[in-house]
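*Asks:* Quick one, structure for this:
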Amino acid sequence: MEPLDPSAMLRDGLEQLGVPGPHRAHALLERFLDELERWNPRFALVKHKGREELVVKHALDSLSAWTAVRDAAKGGSGSVLDVGSGAGFPGIPLAIALPDCSFTLLERMARRASFLKACVVLLGLPGVRVAQRDLAEASGDFDVVTFRAVAPLDRFVQEIGKSGVRWRTIIAYKGREARARQEIESVRGSTGGRVGAVLAAVRTPFLDEERCLAVLAPAPLSVLDKWVSER
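*Replies:* Model (predicted):
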């Protein structure tokens, strides 16, 4: 069988993940990746080895958590803060999959924030705003906070605790489950049990690597256990 081209992989991956409105999502994501490839040589937004890697390791990997974010964000109508959005992952793919949620993409670097703002206009995403500032300077109430490859869990929890952000759930993209469990134990120790955390396995289409989500919420942990058992 001939290998799929990146566009076909994206289309197939969206169907595997059950992303709603797959034709719309495919068209918007293709446009987003085109723009990313146009900006990347000058601004070094993301390291990649080609379009296939952008599709699998970034776009589809970002979308592997879309149902978790939906469920935590009032069933898809709540507010989401994406910390360290960088080249737009996971915030922009999630915003495409969840058009009824409001998204704030938090990015401290000016050139990356400029790219994100251009993409929001290009893609026509009215529920998305870009905030150029550090996490320490951020504020507001959010149903969900997401981040991907920003910091270890315990450090992130400490940093967001010093900010003006009030959150109900944190969903962190992680790789190997064993390493993520170590980070969860550090969070429990550093917060004295005030923050509960569980792991939820996820699968990224076409990616043969271990992936999981660390889902954090104020204790008791039983609330999170129930959340995982119902998925």
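*Asks:* just for the chain, where's the confidence low?
*Replies:* 1-3, 220-231 (pLDDT under 70).
*Asks:* And the strands in this structure, which stretches?
*Replies:* 79-83, 102-106, 128-131, 139-148, 164-174, 195-202, 211-218 (DSSP state E).
*Asks:* buried stuff in the fourth one?
*Replies:* It stands for strand 139-148. 142-148 (16 or more other Cβ atoms under 10 Å). Where C-beta positions appear, they are placed from N, C-alpha and C, glycine not excepted.
*Asks:* Which of the residues you listed sits closest to Tyr173?
*Replies:* Minimum separation from Tyr173 among these (Cβ to Cβ) is found for Arg148, which lies at 4.1 Å.
*Asks:* ok, and the closest non-adjacent residue to that closest one?
*Replies:* Distances taken as Cβ to Cβ, 6 or more residues apart in numbering put Tyr173 closest to Arg148, at 4.1 Å, once the chain neighbours are dropped.
*Asks:* Look up the closest residue to Lys74, ignoring the ones flanking it.
*Replies:* Asp143 (5.9 Å).
*Asks:* show me the contacts for Ala65.
*Replies:* Going by Cβ atoms under 8 Å, 6 or more residues apart in numbering, Ala65 touches 90, 94, 146, 171, 173, 202, 213.
*Asks:* can I assume Val198 is in contact with Leu213?
*Replies:* No - taking contacts as Cβ atoms under 8 Å, Val198 lies outside contact range of Leu213: 9.0 Å.
*Asks:* Those two: which is more packed in?
*Replies:* Leu213 (22 against 18; other Cβ atoms under 10 Å).
*Asks:* could I get the strands of the chain as JSON lines with distance to Lys57?
*Replies:* Listed next are those as JSON lines, based on distance: least, Cβ to Cβ, whole Å:
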{"stretch": "strand 79-83", "distance to Lys57": "17"}
{"stretch": "strand 102-106", "distance to Lys57": "19"}
{"stretch": "strand 128-131", "distance to Lys57": "22"}
{"stretch": "strand 139-148", "distance to Lys57": "11"}
{"stretch": "strand 164-174", "distance to Lys57": "11"}
{"stretch": "strand 195-202", "distance to Lys57": "14"}
{"stretch": "strand 211-218", "distance to Lys57": "10"}
